[in-house]
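Colleague: sequence and predicted structure are below.
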2 protein chains.
Amino acid sequence: MKLLEERIQKDGIVKAGNVLKVDSFLNHQMDIALFNEMGKEFKRLFSDVEVNKIMTIEASGIGIACIAAQYFHVPVVFAKKAQSVNIDGEVYSTKIQSFTHKRVYDVIVSKKYLSPDDKILIIDDFLANGCALEGLIDIVHAAGAQVSGIGIAIEKGFQKGGDMIRSRGLRLESLAIVESMDDQTGAITFRH
Amino acid sequence: MKLLEERIQKDGIVKAGNVLKVDSFLNHQMDIALFNEMGKEFKRLFSDVEVNKIMTIEASGIGIACIAAQYFHVPVVFAKKAQSVNIDGEVYSTKIQSFTHKRVYDVIVSKKYLSPDDKILIIDDFLANGCALEGLIDIVHAAGAQVSGIGIAIEKGFQKGGDMIRSRGLRLESLAIVESMDDQTGAITFRH
């Protein structure tokens, strides 16, 4: 998606350790006009699949998922990190390794909001090693529901997550795939 | 806001300990059509104040804030719980006591996304004792920015947060104010 690639070129900052900081428009400050264009693009890319619910994971995925949901006319469910005393009853849960935060999270979704009839579009801001995504897919499958597709804002194409998900036969669409980046020069190249 | 009150009556569940569960439409599964009506109502209520940025706190505030931001045509910044290694440089920070999660959080906002020129509308899903909101107000003031208003989806009118905020002369608008609730009968009454 040209608009997103241009924005990453303009405002993204490459840091040592394969870190791409896009917190000025994507995951700390959020450019809602850009999110709307991304939402329209997700709808175009997934126009041929059945979607009755969007699932994401807190926190950075929520804004993108909610704006995108307007184009699918479906509710959003976000997976929560760690057990909340406000969630009662039965939950689907999985463990997710976060490299960003250097810890393992318990991630949960209430069983009330996933059923075997659901056709789920998973949306998230980043795909790198794929750990978070694998966790969300596990939760959808544990509910007997179907993953209709996976929509990612920025995929780090040089990490293993994208290949791993595609090799499972899942429909994955990333709006921008970073082929390589260089923290010395700040250069970012995209896969097309 | 009648639509929200009706939805709380229909789908809200009163639990012991002053807990009102609205996770079927507000803060786990999210009804985006309802969020759009709430966003329009926030815009109507704050049509007379200057707003150039919406601020919220992860995670449940993000969806409501992003949808509402479409009616104000402004970006959203969400305060993050706990230090992330992906946030560099200087941050504004405060400590917030969460009764829901029975712990104290460090909450941070990058200094890059708050400036003395900012006229901030704070949006959150719940107002009870007001601890989270006080923390967000502290962060806005630490930046030398102005709190133009505070928009809350559900205020628990029988807890102290609302009175505390209003007594400071801040403009607070809650879309639904729960006057009382009873976990034995499930009855919920609203303040008008």
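Modeller: Cool, got the structure. Numbering: from 1, shown residues only, chains lettered A, B, ... in the order given.
Colleague: next, name the residue at the spatial heart of chain A.
Modeller: residue A:124 (1.3 Å; CA atoms, centre = their mean).
Colleague: is that one in a bridge, and if so with what?
Modeller: residue A:152 (DSSP bridges).
Colleague: my guess is it meets residue A:135, correct?
Modeller: No: judged on CB atoms under 8 Å, residue A:124 makes no contact with residue A:135 at a distance of 10.7 Å. In this view, the C-beta of every residue, glycine as well, is placed from N, C-alpha and C.
Colleague: what do these two both touch?
Modeller: residue A:57 (CB atoms under 8 Å, 6 or more residues apart in numbering or on different chains).
Colleague: quick one: low-confidence parts of chain A?
Modeller: A:83-89, A:100-101 (pLDDT under 70).
Colleague: tell me which element residue A:63 is part of?
Modeller: helix A:60-72 (DSSP states H and E).
Colleague: for residue A:164, the count of nearby residues, please.
Modeller: 17 (other CB atoms under 10 Å in any protein chain shown).
Colleague: what sits against it?
Modeller: Residue A:164 neighbours (CB under 8 Å, 6+ apart): A:130, A:134.
Colleague: phi, psi for it please.
Modeller: phi -60, psi -40 (degrees, to the nearest 10).
Colleague: ok, residue A:81 - how many residues close by?
Modeller: 21.
Colleague: again with residue A:66
Modeller: Residue A:66: 28 neighbours (other CB under 10 Å).
Colleague: over to residue A:133?
Modeller: The burial count for residue A:133: 25, using other CB under 10 Å.
Colleague: show me what contacts it?
Modeller: Contacts of residue A:133 (CB under 8 Å, 6+ apart): A:122, A:124, A:127, A:150, A:152, A:161, A:165.
Colleague: could you redo the last one with a cut-off of 7 Å?
Modeller: Contact analysis of residue A:133 by CB atoms under 7 Å, 6 or more residues apart in numbering or on different chains lists A:122, A:124, A:127, A:150, A:161, A:165.
Colleague: those residues in strands, which ones?
Modeller: Per DSSP state E, strands hold the following members of the contacts of residue A:133: A:122, A:124, A:127, A:150.
Colleague: now the first one: closest residue in space, sequence neighbours ignored.
Modeller: Just to be clear, that refers to residue A:122. residue A:150 (4.7 Å; CB to CB, 6 or more residues apart in numbering or on different chains).
Colleague: what is the end-to-end distance of stretch A:121-135?
Modeller: Stretch A:121-135 stretches 14 Å from its first residue to its last (CA to CA, to the nearest Å).
Colleague: and residue A:178, which helix or strand is it part of?
Modeller: strand A:172-181.
Colleague: can you tell me which residues in chain A are near chain B?
Modeller: A:19, A:21, A:23-24, A:28-32, A:35, A:58-59, A:62-63, A:66-67, A:69-70, A:75-78, A:80, A:84-86, A:100-102, A:110, A:112-113 (CB under 7 Å from any CB of the partner chain).
Colleague: put the buried members of these into a ChimeraX selection.
Modeller: Here is the ChimeraX command that picks out the buried ones among those, judged by 16 or more other CB atoms under 10 Å in any protein chain shown:
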select /A:19,21,23,24,28,29,30,31,32,35,58,59,62,63,66,67,69,70,75,76,77,78,80,84,86,110,112,113
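Colleague: just the helices in chain A please.
Modeller: Taking DSSP state H as the test, the helices found in chain A are A:2-11, A:32-45, A:60-72, A:131-142, A:161-167.
Colleague: how big is the angle separating the helix holding residue A:63 from helix B:32-45?
Modeller: 100 degrees (axes from the mean of the first three to the mean of the last three CA atoms, to 10 degrees).
Colleague: kindly export helix A:60-72 (C-alpha atoms) in PDB.
Modeller: Output of helix A:60-72 as PDB, limited to C-alpha atoms (Å, rounded to 0.1, in the frame of the first residue of the first chain):
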ATOM      1  CA  SER A  60      -1.600  -1.400  19.300                       C
ATOM      2  CA  GLY A  61      -3.900  -3.500  17.200                       C
ATOM      3  CA  ILE A  62      -7.100  -2.100  18.600                       C
ATOM      4  CA  GLY A  63      -7.200   1.200  16.800                       C
ATOM      5  CA  ILE A  64      -6.500  -0.300  13.400                       C
ATOM      6  CA  ALA A  65      -9.000  -3.100  14.000                       C
ATOM      7  CA  CYS A  66     -11.800  -0.700  15.100                       C
ATOM      8  CA  ILE A  67     -11.400   1.600  12.100                       C
ATOM      9  CA  ALA A  68     -11.200  -1.300   9.700                       C
ATOM     10  CA  ALA A  69     -14.300  -2.900  11.200                       C
ATOM     11  CA  GLN A  70     -16.400   0.000   9.900                       C
ATOM     12  CA  TYR A  71     -15.800  -1.200   6.400                       C
ATOM     13  CA  PHE A  72     -16.700  -4.800   7.200                       C
END
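Colleague: distance from it to the middle of the chain?
Modeller: The gap between where helix A:60-72 is centred and where its chain is centred comes out at 10 Å by CA atoms, centre = their mean, to the nearest Å.
Colleague: how close does the closest residue to residue A:71 other than its chain neighbours get to residue A:36?
Modeller: Of all residues not flanking residue A:71 in the chain, residue A:43 sits nearest, at 3.8 Å (CB to CB, 6+ apart). Going from residue A:43 to residue A:36 by CB to CB, to the nearest Å gives 11 Å.
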